[in-house]
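Student: Here is the input, now give the coordinates:
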Amino acid sequence: MPIPAGPPAHRPPLGTARSRTALGLVVILLAACFAALTPSPARAADQLLSQGRPATASSVENGAFPASAAVDGNSGTRWSSAFSDPQWLQVDLGSTQPLTRVTLAWEAAYAKAFQIQTSTDAQNWTTLYSTATATGGTQNLVVSGSGRYVRVQGTARATQYGYSLWEFQVYGPGGGTTPPDDFWGSTGDIPPANNAVEVKILNRTNGKYPDSQVYWSFNGQVHSIAEQPYLDMPANSAGRMYFYLGSPNSPYYDFIEFTVGDNVFNGNTTRVDAFGLKLAMRLHAKDGYDVEVGENRQTFAEDRATTFQRFTDAVPDQFKVLARTQAPYRIIAPGSDPSFRAGGANAGYFTSYAQSVGVTAATSDIFGCAASLAANPDMCAALNRHVATLPASQQADPAQYYKAAPANYYARFWHDNAINHLAYGFPYDDVAGQSSFISHGSPQWLMVAVGW
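Tutor: Down below sits the predicted model:
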């Protein structure tokens, strides 16, 4: 739908008195002369801080309307939420910034009541603006405050549909303070790519392995990052880049997946098969787009044994075996464990729940979105998230996921420990925009952090 037109420009009402007393004219002329002779304080133009920054939402209507579409600078793409209240959309500005205004370009499905809120930690929020009588269209809101995270929190919809924004723009003078976070280190030393995108590999093993024992492998090349921390990646189809700790063929390994075109990067971190190493990647494009996905900082900071133990503590009894079958090297996905396959102790884990929505499929096929579910991503995702019996609008609401058994608690753990809670825990985890998939044109560089 087109963006509704904004309000008409204000004009003086007809019949405004034009006569003024002579004294009034003198006062006005003197004031004008004084103003002309008195320099006004300089004020820098507001900067658009939100465009291309990481965006997340409480829900999406479906994968065609992701959170990122509201901060991409394209007025033809939009975010759209599930059809329920409340819902929110937030953007990470990357550092704490002073804020001056927010522009909301609503689609026809707008918020009647909403707040603009800000936070330094995405947990504790301060309201900068609130209304219960909004009328949609394009709203330019003057705000005063600061924060790293800014969100629009919708509390009452104006239509039967969800909340939908063509653009969510946050402005400020720029020059805010960057919180202490040297995780990604310097970007100024990344050389320009001669091919499609320049890749930099980072050692984030907390001293467990030196750079000479952190290896990467791609397209027949194998190097430690002490030898070669960069890869000038060419365009390729359905590629993988592997990472090893200790030796080039170590059992401690993992990989990222991608398809790289002449002018586009599509890729993700994945937990579909197993967890092997902590991985995060950050894509930066020439237009300023800058997004990171993968395990969060807290998970990178802890020892591997702690991660294994936290997984065991977090999941129900049936899933604890996943941290033991290939320990200490991998935590495997449930569909790969014998206990969830035919003849195993948990082979019937999903049977009754799947049958309640008319699906006859093996538990391992539900975890793996295989057999009859290979062509039904929405149903496979709904079964894994335990929302298959809910209305379609609630199936796109992450707040409803994993609230009861049976569910894919392996996937839930990786979402709980991922940047912005986005992870690939099963093959169709991209339904409703919940996966760690990132895609953008004109890529400039990609950094990959490898952790212990």
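Student: Would you map out the domains in the chain?
Tutor: Domain assignment of the chain by automatic domain parsing yields the ranges 47-172, 194-452.
Student: want to throw those into JSON lines with distance to residue 188, mean pLDDT and mean neighbour count?
Tutor: (C-beta placed from N, C-alpha, C; glycine too.) Below are the domains of the chain laid out as JSON lines (distance: least, C-beta to C-beta, whole Å; pLDDT from 0 to 100; neighbours: other C-beta atoms under 10 Å):
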{"stretch": "domain 47-172", "distance to residue 188": "16", "mean pLDDT": "94", "mean neighbour count": "20"}
{"stretch": "domain 194-452", "distance to residue 188": "11", "mean pLDDT": "96", "mean neighbour count": "19"}
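Student: so can I have JSON lines of the ones you listed showing distance to residue 184?
Tutor: Conversion of these to JSON lines gives the following (distance: least, C-beta to C-beta, whole Å):
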{"stretch": "domain 47-172", "distance to residue 184": "11"}
{"stretch": "domain 194-452", "distance to residue 184": "6"}
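Student: so which of the ones you listed gets nearest residue 185?
Tutor: In terms of C-beta to C-beta, the element of those nearest to residue 185 is domain 194-452, at 6.6 Å.
Student: ok so, going back, what's the closest of the domains of the chain to residue 182?
Tutor: Taking C-beta to C-beta as the criterion, residue 182 comes closest to domain 194-452 out of the domains of the chain, the separation being 10.5 Å.
Student: what's the first-to-last distance across that closest one?
Tutor: Terminal residues of domain 194-452 lie 31 Å apart, using C-alpha to C-alpha, to the nearest Å.
Student: do stretch 71-83 as well
Tutor: The first and final residues of stretch 71-83 sit 21 Å from each other (C-alpha to C-alpha).
Student: Then stretch 77-84?
Tutor: For stretch 77-84, the first and last residues are 21 Å from each other (C-alpha to C-alpha).
Student: Excluding its own residues, what touches that stretch? List them.
Tutor: Surrounding stretch 77-84, the residues in contact under the criterion C-beta atoms under 8 Å, 6 or more residues apart in numbering are 55, 57-62, 65-70, 87, 89, 107, 109, 154, 157, 160-166, 168, 393-394, 396-397.
Student: Restricted to strands, list those residues.
Tutor: The strands in this structure, assigned by DSSP state E, contain 55, 57, 87, 89, 154, 157, 164, 165, 166, 168 from the contacts of stretch 77-84.
Student: ok, now how distant is the residue nearest to residue 290 when sequence neighbours are not counted from residue 198?
Tutor: Nearest residue to residue 290 in three dimensions, chain neighbours excluded: residue 284, at 4.8 Å (C-beta to C-beta, 6 or more residues apart in numbering). Distance check for residue 284 against residue 198: by C-beta to C-beta, to the nearest Å, it reads 10 Å.
Student: In three-state terms, how would residue 319 be classified?
Tutor: Classification of residue 319 by DSSP: H, G, I helix; E, B strand; the rest coil places it in helix.
Student: and the gap between it and residue 333?
Tutor: Distance check for residue 319 against residue 333: by C-beta to C-beta, it reads 10 Å.
Student: And residue 315, by the same measure?
Tutor: Relative to residue 333, residue 315 is positioned 12 Å away (criterion: C-beta to C-beta).
Student: Between those two, which contacts overlap?
Tutor: For the pair residue 315 and residue 333, residues contacting each of them under the criterion C-beta under 8 Å, 6+ apart are 322, 410.
Student: that older thread, who touches both of residue 284 and residue 198?
Tutor: 444, 445, 446.
Student: so who does the nearest residue to residue 326 once chain neighbours are set aside touch?
Tutor: Take residue 326 and drop its neighbours on the chain: the residue closest to it by C-beta to C-beta, 6+ apart is residue 332, 5.6 Å away. With contact taken as C-beta under 8 Å, 6+ apart, residue 332 is in contact with 273, 274, 322, 325, 326.
Student: all helices for this structure, in order.
Tutor: Using DSSP state H, the helices assigned to the chain run over residues 22-37, 297-301, 304-314, 317-320, 351-356, 363-368, 377-385, 392-395, 409-416.
Student: wait, which of these is closest to residue 291?
Tutor: With C-beta to C-beta as the criterion, residue 291 lies closest to helix 297-301 of the helices of the chain, at 15.5 Å.
Student: rewinding a little: can you tell me which of the ones in strands among the contacts of stretch 77-84 is nearest residue 375?
Tutor: Sorting these by distance to residue 375 puts residue 57 at the head of the list, at 27.3 Å, by C-beta to C-beta.
Student: these two touch, right, that closest one and residue 87?
Tutor: Yes. Contact criterion C-beta atoms under 8 Å: residue 57 and residue 87 qualify, at 7.1 Å.
Student: quick revisit: list the beta-bridge partners for the residue nearest to residue 326.
Tutor: Per DSSP bridges, residues listed as beta-bridge partners of residue 332: residue 274.
Student: change the start of the numbering to 813 and stick with it
Tutor: Got it, first residue is 813 now, which makes that one residue 1144.
Student: Straight-line length of stretch 1238-1256, end to end?
Tutor: Where stretch 1238-1256 starts and where it finishes are 29 Å apart, if you go by C-alpha to C-alpha.
Student: For that stretch, what is the distance to the chain centroid?
Tutor: Taking the mean of its C-alpha atoms, stretch 1238-1256 sits 9 Å from the chain's own mean (C-alpha atoms, centre = their mean, to the nearest Å).
Student: now swap in stretch 1168-1185 and tell me
Tutor: Taking C-alpha atoms, centre = their mean, one finds stretch 1168-1185 lying 28 Å from the centre of the chain it belongs to.
Student: Can you tell me what sits against it?
Tutor: Counting by C-beta under 8 Å, 6+ apart, the neighbours of stretch 1168-1185 from elsewhere in the structure are 1145-1147, 1152-1154, 1158-1163, 1166, 1189, 1191-1196, 1200-1201, 1220, 1238-1240.
Student: So what sits opposite the residue nearest to residue 1102 in the bridge?
Tutor: Following DSSP bridges, residue 1096 is listed with bridge partners residue 1102, residue 1257.
Student: Please give me every residue in contact with it.
Tutor: 999, 1102, 1255, 1256, 1257, 1258, 1259.
Student: Over to residue 1130?
Tutor: Applying C-beta under 8 Å, 6+ apart, the residues contacting residue 1130 are 1151, 1152, 1157, 1158, 1161.
Student: Quick check: residue 905 touching residue 982?
Tutor: Yes. At 6.8 Å, residue 905 counts as touching residue 982 under the criterion of C-beta under 8 Å.
Student: Common neighbours of the two, please.
Tutor: By C-beta under 8 Å, 6+ apart, the residues touching both residue 905 and residue 982 are 861, 862, 962.
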